[in-house]
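*Asks:* my questions concern the predicted model and sequence given below.
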Amino acid sequence: MATPKRVPLEDLRNIGIIAHIDAGKTTTTERILFYSGITHKLGEVHDGAAVMDWMEQEKERGITITSAATSCYWGKNRINIIDTPGHVDFTVEVERSLRVLDGAVGVFCAVGGVEPQSETVWRQADRYRVPRLAYVNKMDRVGADYGSVFEQLKSILGARPVRINLPIGAEDTFEGIVDLVKMKAVYWDDSTVGVQFEEREIPAGMLEEAKAARVEMIEVAAEAEDALMEKYLEGLELSVDEIKKGLRKSCVALNCVPMLCGSSFKNKGVQLLLDAVIDFLPSPLEVPPVEGFDPKHPDKLILRSAREDNGFSALAFKISHDSFVGALTYLRIYSGKIEINKSALNVRTGKKERISRLLQMHSNKREELKFAEAGDIVAAVGMRHTVTGDTLCDEKKPVSFESMVFPDPVISIAIEAKSKADDEKLQEALSKMAMEDPTFKISYNDDTGQVLISGMGELHLEIIVDRLFREHKVNANIGKPQVAYKETISKKASTTKEIHKNMNGKDQFGVVGLELRPKTRATGTSVLSELSKGTLPQDLEKAIVRNLETLLGCGALAGYSLTDVEIALVSSRFEENLSHELAYFQAASIAMKEALDRAGPKLLEPIMKIQVIAPETNIGDVISDMNGRRGRILSIDAKSSDIQVLNAEVPLSEVFGYSTDLRSRTQGRGTFSMEFDRYDEMPPNVEKVVIQKLTGLSS
């Protein structure tokens with residue numbers, strides 16, 4: 001590949017490809033690279049030859065695990081693309097990608113429609129206010145239904161889709177697409193793997209349908225601008241450029257979602273999708289300025305825009321490790337310019353980070369850059385202290401962008417190195433992987449000496465363990481999956497503890513009064529001081545509050561971290577020449593334990609949303625099995641004449657290994673998808689058994 005050429009900012013697009021697993025994201029990205037001339041051979045996911053799925057684990061499983069960045073050109077435009085995973089265990093990759101992108105293409109299976117993970121990633125894009133296109137893929141598949149997906153976008157996602165394509169045929173009769181903007185039928189030449197295509201007149205049998213759909217499209221375009229609406233109301237025809245202008249304005253303002261169709265695997269529709277990316281998704285100049293704040297004055301709002309030369313600023317949204325160049329820090333640059341061998345301020349650490357190299361990434365390949373500027377997505381080499389979510393900026397014009405919040409892991413396994421040499425390799429490998437993945441956590445069991453690694457699901461941990469063995473050559477023993485429980489309280493409780501004793505030959509004094517209060521579920525924890533001013537020296541009061549925050553990490557039942565609890569420091573006293581920080585910490589620790597015992601401690605378990613798709617003949621057995629797993633059935637809907645869709649909530653502890661069980665109950669025809677929903681209390685009888693098991697107590 002040649003060295004990336006610069007393009008004006010108005011000709012740049014930063015987009016993500018998002019969807020449910022197996023909707024065809026990576027295949028679509030592979031076709032984009034092929035038709036734009038970046039690759040000269042079609043890479044197929046099922047053959048393990050996709051450019052964007054470069055990890056061995058991705059090639060073997062045929063799924064995307066980590067988001068991969070690349071860049072291509074379409075006409076005079078450059079498109080930076082991030083292909084994201086579709087499996088729920090790797091949702092963090094979608095989250096951090098959407099945080100820095102200007103637009104996205106939501107890929108939907110024409111058969112499956114809006115599937116659970118489609119909805120999850122769509123909501124993530126809603127949260128970050130990312131303009132989107134909807135691309136209905138797999139129109140050649142049996143059961144393909146463009147109209148059904150159109151209705152699901154409205155009913156399930158609450159979107160306002162506007163069709164700019166209509167399929168000519170479906171399933172094995174899918175042969176082309178009606179371009180409603182140009183009012184032409186487009187057919188692809190199979191002998192050139194879709195490189196060549198031609199425009200023809202719309203088939204007579206589709207003309208009325210196309211005219212009706214075009215009227216709907218033009219109405220949406222006209223709403224975007226008074227001049228267009230005036231022209232439309234006067235009965236005048238809007239030109240192609242005016243239609244595109246109106247739809248673009250509406251899409252960028254999140255008022256509509258242009259909707260296209262195709263079959264990426266059969267090489268139909270991808271060029272029209274690329275045209276739509278250019279026509280309807282925003283450039284860095286069209287997105288609102290990113291909001292930040294002054295690091296020294298957090299209440300002072302600062303805006304950074306690609307339009308203005310107001311100093312370098314960027315967000316580090318991903319860390320990865322390359323065996324040749326070391327740690328790669330992926331940056332989205334929002335303003336200004338950065339050159340190699342120059343330094344930038346890391347606002348979180350207050351330290352300067354020297355950037356030794358800048359790289360334009362193409363999956364796991366790279367091209368050297370001398371500089372990068374506003375609108376670019378690049379990888380930087382040389383940053384030693386930067387982590388995901390950090391802001392880098394010009395030290396003379398400091399700004400801090402909002403960091404990213406990631407969910408807590410819900411499942412753990414124990415891992416133990418087989419030798420001392422392996423232990424050193426294990427520690428180093430785990431440290432690197434935890435830096436790359438904010439949802440991967442490491443903890444240590446002091447009683448057993450084991451390392452606990454925690455993640456978002458069974459597949460997440462399976463991939464991590466596989467990488468430890470294959471990439472890092474670690475020899476280790478692996479335990480069985482364990483649920484990451486949490487603890488909370490059910491009622492208020494208060495206690496006061498005074499410490500007055502001789503420590504190291506000196507009399508030391510400390511007294512702490514606490515009140516524990518239950519909070520609404522899923523609101524987290526908080527620690528506050530309600531002491532009257534002057535009760536304690538300010539530094540000592542702050543130190544006690546910080547100490548109380550650390551005590552939230554260990555509950556009363558099984559030592560799991562507390563959630564949905566408020567700790568209030570309600571009383572204390574200061575004795576001149578006697579009061580000592582350690583005595584207050586000890587008093588706080590004892591008071592905390594006593595208050596927890598009185599506050600009705602409860603064990604919380606992760607509850608998963610699960611969707612099971614199974615033949616109608618087997619659905620009764622699936623429901624019975626789900627009830628036996630403490631599942632709560634939410635709905636049962638017909639997907640087709642012989643396929644049912646079951647939506648339910650089920651505790652994570654009850655669905656380990658569910659895929660094997662479901663296959664046996666449905667003769668291999670059943671499938672399911674699952675995602676974390678919330679933590680909730682478990683029934684008292686179940687809680688008792690779980691606590692006994694966790695603490696090693698006998699009944």
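*Replies:* Yep, it's here. Numbers count the residues shown, from 1 in each chain.
*Asks:* let's see the pLDDT reported for Ala558.
*Replies:* You'll see Ala558 listed with a pLDDT of 89.
*Asks:* show the contacting residues for it.
*Replies:* 485, 487, 603, 690-691, 694-695 (CB atoms under 8 Å, 6 or more residues apart in numbering). To be clear about C-beta, it is placed using only N, CA and C from the backbone, and glycine gets the same treatment.
*Asks:* ok, then the element right after the strand ranked longest in the chain?
*Replies:* When the chain is parsed with DSSP state E, its longest strand is strand 601-615. From strand 601-615 onward toward the C-terminus, using DSSP states H and E, the following helix or strand is helix 619-628.
*Asks:* can I get that following helix as PDB, trimmed to CA atoms?
*Replies:* The C-alpha trace of helix 619-628 is given here as PDB (Å, rounded to 0.1, in the frame of the first residue of the first chain):
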ATOM      1  CA  ILE A 619     -40.000 -24.700  22.200                       C
ATOM      2  CA  GLY A 620     -41.900 -26.400  25.000                       C
ATOM      3  CA  ASP A 621     -38.800 -28.300  26.100                       C
ATOM      4  CA  VAL A 622     -36.700 -25.100  25.900                       C
ATOM      5  CA  ILE A 623     -39.200 -23.200  28.100                       C
ATOM      6  CA  SER A 624     -39.300 -26.000  30.600                       C
ATOM      7  CA  ASP A 625     -35.500 -26.100  30.700                       C
ATOM      8  CA  MET A 626     -35.300 -22.300  31.100                       C
ATOM      9  CA  ASN A 627     -37.800 -22.400  34.100                       C
ATOM     10  CA  GLY A 628     -35.600 -25.000  35.700                       C
END
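*Asks:* what's the mean pLDDT across it?
*Replies:* 94.
*Asks:* list the buried ones in that helix?
*Replies:* Within helix 619-628, the residues that count as buried by 16 or more other CB atoms under 10 Å are 619, 622-623, 625-626.
*Asks:* stretch 646-666 too?
*Replies:* Within stretch 646-666, the residues scored as buried using 16+ other CB under 10 Å are 646, 648-655, 658, 662, 665-666.
*Asks:* mind putting these into CSV with pLDDT and distance to Glu549?
*Replies:* Shown next, in CSV, are those (pLDDT from 0 to 100; distance: CB to CB, whole Å):
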residue, pLDDT, distance to Glu549
Leu646, 93, 42
Ala648, 95, 37
Glu649, 96, 32
Val650, 95, 33
Pro651, 94, 29
Leu652, 91, 27
Ser653, 91, 29
Glu654, 92, 33
Val655, 89, 33
Tyr658, 86, 37
Leu662, 89, 42
Arg665, 90, 47
Thr666, 89, 48
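*Asks:* return the subset of the residues you listed lying in helices.
*Replies:* Per DSSP state H, helices hold the following members of these: 658, 662, 665.
*Asks:* so what pLDDT did the closest residue to the first one other than its chain neighbours get?
*Replies:* The reference is to Tyr658. Excluding its sequence neighbours, the residue lying closest to Tyr658 (CB to CB, 6 or more residues apart in numbering) is Phe672, at 6.7 Å. What the model reports as pLDDT for Phe672 is 84.
*Asks:* hang on, Phe672 packs against Arg663?
*Replies:* No. With contact defined as CB atoms under 8 Å, Phe672 does not reach Arg663; the gap is 10.1 Å.
*Asks:* any weak-confidence spans in this protein?
*Replies:* 1-5, 40-67, 86-89, 363-364, 445-449, 697-699 (pLDDT under 70).
*Asks:* checking Gly147 next. Helix, strand or coil?
*Replies:* helix (DSSP: H, G, I helix; E, B strand; the rest coil).
*Asks:* check contacts around the residue lying closest to Asp376 once chain neighbours are set aside.
*Replies:* Using CB to CB, 6+ apart and skipping the chain neighbours, the partner closest in space to Asp376 is Ile333 (4.9 Å). For Ile333, the contact set (CB under 8 Å, 6+ apart) comprises 312-314, 372-378.
*Asks:* among those, which one sits closest to Pro8?
*Replies:* Gly375 (9.8 Å; CB to CB).
*Asks:* doesn't that closest one lie inside a strand?
*Replies:* No. Under three-state DSSP, Gly375 sits outside any strand and is assigned coil.
*Asks:* does Asn28 touch Ser263 like I think?
*Replies:* Actually, residue 28 is Thr rather than Asn. No. Thr28 is beyond contact range of Ser263, at 10.0 Å (criterion: CB under 8 Å).
*Asks:* residues that sit against both of those two, list them.
*Replies:* Listed contacts common to Thr28 and Ser263 are Asn137; contacts here mean CB under 8 Å, 6+ apart.
*Asks:* what helix or strand is Ile243 on?
*Replies:* Counting by DSSP H and E, Ile243 is found in helix 240-252.
*Asks:* helices or strands next to that helix in the packing?
*Replies:* helix 207-223, helix 226-233, strand 257-261, helix 270-280 (3 or more CB pairs under 8 Å, 6 or more residues apart in numbering; DSSP states H and E).
*Asks:* I'd like the next helix or strand past the last one.
*Replies:* Using DSSP H and E, the next helix or strand after helix 270-280 towards the C-terminus is strand 290-294.
*Asks:* what packs against the following helix or strand past that next one?
*Replies:* For strand 290-294, the following helix or strand on the C-terminal side (DSSP H and E) is strand 297-304. Here strand 297-304 touches strand 290-294, going by 3+ CB pairs under 8 Å, 6+ apart.
*Asks:* next one: the residue nearest to Ala558 when sequence neighbours are not counted from Gly559, what distance?
*Replies:* If the residues on either side of it in the chain are set aside, Ala558 comes closest to Leu694, at 4.2 Å by CB to CB, 6+ apart. Leu694 sits 8 Å away from Gly559, going by CB to CB, to the nearest Å.
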